[in-house]
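S.K.: Here is a sequence with its predicted model. Questions after.
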Amino acid sequence: MLFLVLGRGKTGSLVAEVAHEHGHGVRVLGEEENRNASALTAPFLAGFDVVIDFTTPEAVIHNLRACLANGARVVVGTTGWYERLDDMRSLAERKHAGLLYGTNFSVGVQALLRLTRELALALPHYQYSITETHHADKRDAPSGTALSIKRVLEATSPSLDVEITSKREGDASGIHVIEARSPNDRIELKHEAFSRRGFADGAIQAAEWIAGKTGVWEFSDIAAELG
């Protein structure tokens with residue numbers, strides 16, 4: 001397959017590298033080549049099986065609108081744009097495009113979300129909090145993953161109000177800690193990404209999965225289907 005990767009940042013570059021390792025062709029577009037999605041014309045997009053976006057919250061909506069309007073299949077690893085999710089879902093459905101988005105494409109994080117739900121169901125009377133740490137260049141805070149964890153926790157009980165603490169420092173690839181506390185004890189669940197490789201592997205598997213499909217999915221919906 002031939003993939004178009006949007007974004008020449010650290011994660012986008014690694015996604016392109018992993019795609020090559022999987023035997024796919026890849027073209028990478030940086031922001032300077034694609035301001036306001038100017039490069040994403042119908043004839044250009046027609047040459048690719050899937051578009052993979054790892055850009056910025058400022059760029060992603062322009063990219064999504066252009067890709068979906070032309071019926072492309074898109075995997076979005078960028079976060080910080082979900083207030084526009086309903087609009088993008090509607091556009092994808094109208095144009096028979098494919099959209100697969102996720103706050104985190106790591107299969108380890110998907111396991112963490114499942115464990116978090118089980119913990120909250122087992123201990124609904126505990127107080128929960130989340131601490132997330134990312135590299136200093138990450139634009140959005142809280143992270144999309146932390147917000148996903150918060151939604152999982154609060155979905156188990158209407159009385160839960162989960163606080164998130166965000167830290168931006170160094171080159172941390174991503175650390176998420178869930179704390180469950182009672183007057184008697186404390187339990188922690190922690191996921192620490194050692195590199196961006198896990199995100200890139202998951203994004204390529206997601207691109208392989210969505211090729212040729214139409215519809216809208218969150219990565220957590222299909223993660224169990226991936227090898």
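M.R.: Ah, there it is.
S.K.: from here on, contacts and neighbour counts on C-alpha atoms
M.R.: Will do.
S.K.: Which residue ranges make up the domains of the chain?
M.R.: With domains defined by automatic domain parsing, the chain comprises 2-105+197-225, 107-192.
S.K.: So for the lengthiest helix in the chain, mean pLDDT?
M.R.: Under DSSP state H, the helix in the chain containing the largest number of residues is helix 107-122. Over the span of helix 107-122, the pLDDT mean works out to 94.
S.K.: how about it: buried residues?
M.R.: For helix 107-122, a neighbour-count test (16 or more other C-alpha atoms under 10 Å) marks 107, 109, 110, 112, 113, 116, 117, 119, 120 as buried.
S.K.: show me the contacts for the residue in the chain sticking out farthest from the centre.
M.R.: Going by C-alpha atoms, centre = their mean, the residue of the chain most distant from its centre is residue 184, 35.8 Å out. Residues near residue 184 by C-alpha atoms under 8 Å, 6 or more residues apart in numbering: none.
S.K.: How much space separates it from residue 127?
M.R.: 12 Å (C-alpha to C-alpha, to the nearest Å).
S.K.: Which neighbouring elements make contact with the worst-scoring helix or strand of the chain on mean pLDDT?
M.R.: For the chain, using mean pLDDT, DSSP states H and E, the weakest element among its helices and strands is helix 219-222, scoring a mean of 90. The helices and strands touching helix 219-222, judged by 3 or more C-alpha pairs under 8 Å, 6 or more residues apart in numbering; DSSP states H and E, number zero.
S.K.: circling back to that earlier point, please confirm that the residue farthest from the centre of the chain is located within a helix.
M.R.: No: read with DSSP: H, G, I helix; E, B strand; the rest coil, residue 184 is coil and lies in no helix.
S.K.: OK, contacts around residue 172?
M.R.: By C-alpha under 8 Å, 6+ apart, the residues touching residue 172 are 133, 134, 135, 136.
S.K.: Could you single out the most deeply buried of the domains of the chain?
M.R.: When neighbours are counted by mean count of other C-alpha atoms under 10 Å, the highest per-stretch mean among the domains of the chain falls to domain 2-105+197-225, a mean of 19.
S.K.: Can you get me the start-to-end distance on that domain?
M.R.: Counting by C-alpha to C-alpha, you get 22 Å between the two ends of domain 2-105+197-225.
S.K.: can you check stretch 89-98 too?
M.R.: Using C-alpha to C-alpha, one end of stretch 89-98 lies 9 Å from the other.
S.K.: Any stretches of the chain with poor pLDDT?
M.R.: Along the chain, the parts satisfying pLDDT under 70 run over 227.
S.K.: Now stretch 203-221 - C-alpha only, PDB.
M.R.: Output of stretch 203-221 as PDB, limited to C-alpha atoms (Å, rounded to 0.1, in the frame of the first residue of the first chain):
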ATOM      1  CA  ALA A 203      -0.800   3.700  13.700                       C
ATOM      2  CA  ILE A 204       0.500   1.600  10.800                       C
ATOM      3  CA  GLN A 205      -1.700  -1.400  11.900                       C
ATOM      4  CA  ALA A 206      -4.600   1.000  12.000                       C
ATOM      5  CA  ALA A 207      -3.800   2.200   8.500                       C
ATOM      6  CA  GLU A 208      -3.600  -1.300   7.200                       C
ATOM      7  CA  TRP A 209      -7.000  -2.000   8.800                       C
ATOM      8  CA  ILE A 210      -8.900   1.000   7.500                       C
ATOM      9  CA  ALA A 211      -7.600   0.700   3.900                       C
ATOM     10  CA  GLY A 212     -10.700   0.300   1.600                       C
ATOM     11  CA  LYS A 213     -13.200   0.800   4.400                       C
ATOM     12  CA  THR A 214     -15.800   3.600   4.900                       C
ATOM     13  CA  GLY A 215     -17.100   4.700   8.200                       C
ATOM     14  CA  VAL A 216     -15.800   6.200  11.500                       C
ATOM     15  CA  TRP A 217     -14.100   4.400  14.300                       C
ATOM     16  CA  GLU A 218     -12.100   5.100  17.400                       C
ATOM     17  CA  PHE A 219      -8.900   3.100  17.800                       C
ATOM     18  CA  SER A 220     -10.200   1.500  21.000                       C
ATOM     19  CA  ASP A 221     -13.100   0.000  18.900                       C
END
